[in-house]
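Undergrad: I would like the atomic coordinates for the input below:
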Amino acid sequence: MSFFKNVIDALKDNREIKQPIVHKDISENPILLENLKSLAESSNPSVDFKKVENHLKLFSIGHAGEKSVLFELKNSMVPMLILHGVHLEFEDYQAQMDFVIVTPKFILVLEVKKLFGDIFVTDKGDFQRVIRKNNRVINKEGMYSPINQVERHLMILERFLKAKGVIKKCPIRYAVTFANPKTILEISKNAPTHIQNCVIRHDQISAFLKAEMKKSSPVEMHASLVYKIADGILESSQDKPFNEREYLLEDEQVGASTFVAATIEKELLPVAPMENNNLKMLLTEYRTRKAKESGVKPYHIFNNRTLDILLKKMPQTLEQLLEVEGIGQKKAEDYGDQILHILQGKNAESSLDAPKDFRSLLMEYRKTRARELNVPPYYIYTNKTMEAILEQKPKSIQALLKIEGIGTKKAEEFGVGIISIFKENA
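TA: Model (predicted):
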C-alpha cells in the first residue's frame, strides 16, 4: 500500500530540479551569533569576554568561508538541493554538517574549512598546517583530520535516513573543501586514494560535483524523491543549543576579576624583587636549554617581552598562560607545563622525571587531545572539571556524567580516555 502511495505522491509532485536550489539557506543572524553578541555586550563579570571575542572572530571567518562555498554551489549548474548548517541529533549521536547536498544520484556531506596557512597531506593521509613567511616555512603543525570528522557525520546521517525509511540504496558521499583563497592545498601523490579524490579547494567544487554526477550510481531518483530526502533532513534539523556555561569564567577566575576591580589600578600582587630575579633567571635558563635542544634561537621559545609579562602576570594555569602575549596554543602545549612549574616554584625537569600522578596524566591527555582537535586545552575540560574528576576518579561513563562540566557530548568524545587513566593506573 505504501509503495502505491509513494508512486501517487510522486506523480502529484510537479516540482523539478534543473539547477542548484537552496533548500536551507545561510542565516545572517543565527542563534550562536546572537547569543555571542549578547554576551559581548553583557556587564556580567563571570563572562569570559576574551573567549567570546575569539569565537565571534572564528564565526565571522567560518561564515565568510561558507558563503564563498555556497556561491560556488549555486553557480555549478548541477541539479541538486542544497542545505546549509544541518544539525542532527539521532539516538546518542550529534552531527553538525556545513552542507548536505541531495542530487538524483547521491547525497553529499560537504565539510568546509577556512584556515590560515597552507595545507599539506602526507603519504599516510595525515593533515599538516604550514605557515610561511617570505616563502620560508616558519611553522608546521599537525591538525585533526577533517576526513575523520566528515566520515563520522556521514555515518550518522546514513543511519538516520535509513532508520526513517527515507533511503535504501542511495549512496552518501563526502568531501572536504578549504575556503581560504590564499591557501595552497598540497596532497602527496602517495596519499590514500580516497583523500586525493575528496579533498578540494572551494574553486574546484563545480568540477568535483560534475565529475561525481558522471559516476555510476544504483539510483536515479525522481525530483519528488530528492525533495522527500531533503525535506526529511530539513524537518529533523534543529539549531544547535547554545551553552552559555561554556563562556563563563571558572569560580577562581571570577573571584580574581572581582578582586582586581575592587583594588585601585593593581592588576596583580607584586612579586618580591629577589623572588622575581630568581624566577627570571630560571625562566631564562629554561629558554636557553630548550632552544639548544630544538636548534633554534632563544627568542623562538619566548622573547624578552613575553618573559616580562610572565613575571608580571604570574599565570598559574594553562588557560591563564594562553592569555599572555606571545604564548599561543602550540607554545602552551610544548612548554606550558614546565613554565608553570617554574612560576609555581617547582623544578621543571625534576617534575617531568617524577612518577606520573593522575593530575599529570589528565593534563597530558587533555594536551594531546587538544592538539589532535586543534582546539585550546580548556575545550577538552577546564581546570575546575579536572579537579572534580580527580576527586571522583570515575571508572565508568555513568560516573563520569555525574561530574559538572562533563555532558553527553564530552563523555562521548573523551570519556573512554579519561576513564582509562584511572583503570590502567589503579
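Undergrad: pull the residues that contact stretch 408-426.
TA: Around stretch 408-426, the neighbours that count as contacts under CB atoms under 8 Å, 6 or more residues apart in numbering are 92-94, 356, 358, 361-362, 365, 369, 380-381, 389, 393-397, 400-401, 406. C-beta: built from backbone N, CA, C; applies to glycine.
Undergrad: ugh, typo on my part, it should be stretch 189-199
TA: Here stretch 189-199 makes contact (CB under 8 Å, 6+ apart) with 121-125, 146-147, 173-178, 185, 187.
Undergrad: which residue is the nearest non-sequential neighbour of residue 238?
TA: Spatial nearest neighbour of residue 238, chain neighbours left out: residue 87 (5.8 Å); criterion: CB to CB, 6 or more residues apart in numbering.
Undergrad: shouldn't that neighbour be within a helix?
TA: No - applying DSSP: H, G, I helix; E, B strand; the rest coil, one finds residue 87 to be strand, outside a helix.
Undergrad: where's it relative to residue 240, distance?
TA: 5 Å (CB to CB, to the nearest Å).
Undergrad: so which elements touch the helix or strand hosting residue 66?
TA: If you go by DSSP states H and E, residue 66 is part of helix 49-74. If contacts are counted by 3 or more CB pairs under 8 Å, 6 or more residues apart in numbering; DSSP states H and E, helix 49-74 sits against strand 20-24, helix 31-40, strand 80-90, strand 93-102, strand 107-113, helix 205-214.
Undergrad: quick one, phi/psi of residue 138?
TA: As for residue 138, its main-chain torsions (degrees, to the nearest 10) stand at phi -110, psi -20.
Undergrad: burial count for it?
TA: With neighbours defined by other CB atoms under 10 Å, the count for residue 138 comes to 11.
Undergrad: low-confidence ranges in the stretch 301-426 of the chain?
TA: Under the criterion pLDDT under 70, the flagged ranges of the stretch 301-426 of the chain are 346-357, 424-426.
Undergrad: okay, strands next: where are they in it?
TA: With DSSP state E, counting those that start in this stretch as the criterion, the stretch 301-426 of the chain has no strands.
Undergrad: just to revisit the earlier point, need the helices and strands packed on helix 49-74 in a markdown table with mean pLDDT and mean neighbour count, can you?
TA: Output for the helices and strands packed on helix 49-74, formatted as a markdown table (pLDDT from 0 to 100; neighbours: other CB atoms under 10 Å):
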| stretch | mean pLDDT | mean neighbour count |
| --- | --- | --- |
| strand 20-24 | 96 | 18 |
| helix 31-40 | 82 | 16 |
| strand 80-90 | 94 | 20 |
| strand 93-102 | 94 | 22 |
| strand 107-113 | 97 | 23 |
| helix 205-214 | 97 | 16 |
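Undergrad: Serialize those to CSV and add fields for distance to residue 339.
TA: Formatted as CSV, the helices and strands packed on helix 49-74 follow (distance: least, CB to CB, whole Å):
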stretch, distance to residue 339
strand 20-24, 47
helix 31-40, 30
strand 80-90, 39
strand 93-102, 35
strand 107-113, 31
helix 205-214, 44
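Undergrad: among the ones you listed, which is nearest residue 330?
TA: Of all those, strand 107-113 sits nearest to residue 330, with 18.3 Å by CB to CB.
Undergrad: the closest one vs strand 80-90, what angle?
TA: 80 degrees (axes from the mean of the first three to the mean of the last three CA atoms, to 10 degrees).
Undergrad: between strand 93-102 and strand 107-113, find me the angle.
TA: 110 degrees.
Undergrad: mind giving me the packing neighbours of the following helix or strand past strand 107-113?
TA: With elements assigned by DSSP H and E, the helix or strand that comes after strand 107-113 is strand 118-121. Here strand 118-121 touches strand 127-133, strand 185-187, going by 3+ CB pairs under 8 Å, 6+ apart.
Undergrad: which one of those lies nearest to residue 77?
TA: Shortest distance between residue 77 and the helices and strands packed on strand 118-121, using CB to CB, is found for strand 185-187: 23.7 Å.
Undergrad: for the closest one, the distance to its chain's centre please.
TA: For strand 185-187, the separation from the chain centroid amounts to 21 Å (computed by CA atoms, centre = their mean, to the nearest Å).
Undergrad: in the next helix or strand after it, what counts as buried?
TA: Per DSSP H and E, the first helix or strand lying C-terminal to strand 185-187 is helix 193-198. Of the residues in helix 193-198, 195, 198 count as buried by neighbour count, 16 or more other CB atoms under 10 Å.
Undergrad: same deal with stretch 321-339?
TA: By 16+ other CB under 10 Å, the buried positions in stretch 321-339 come out as 321-322, 324, 326-327, 329, 331-333, 335-339.
Undergrad: taking those, tell me the two that lie furthest apart.
TA: By the measure CB to CB, 326 and 337 form the most distant pair in the buried residues of stretch 321-339, at 17.2 Å.
Undergrad: who touches both of residue 87 and residue 240?
TA: residue 96.
Undergrad: from residue 229, how far off is the residue nearest to residue 238?
TA: 17 Å.
Undergrad: what about residue 278, neighbour count?
TA: Around residue 278 there are 14 other residues, counting by other CB under 10 Å.
Undergrad: oops, could you answer that again for residue 18 instead?
TA: Residue 18, neighbours per other CB under 10 Å, totals 8.
Undergrad: tell me the secondary structure at it.
TA: Under three-state DSSP, residue 18 comes out as coil.
Undergrad: check contacts around residue 53.
TA: Contacts for residue 53 (CB under 8 Å, 6+ apart) come out as residue 40.
Undergrad: now do it, the pLDDT please.
TA: Listed pLDDT for residue 53 reads 85.
Undergrad: distance check, the closest residue to residue 146 other than its chain neighbours against residue 29.
TA: Of all residues beyond its chain neighbours, the one nearest residue 146 is residue 176 (4.6 Å), with distances taken as CB to CB, 6+ apart. From residue 176 across to residue 29, the span is 27 Å (CB to CB).
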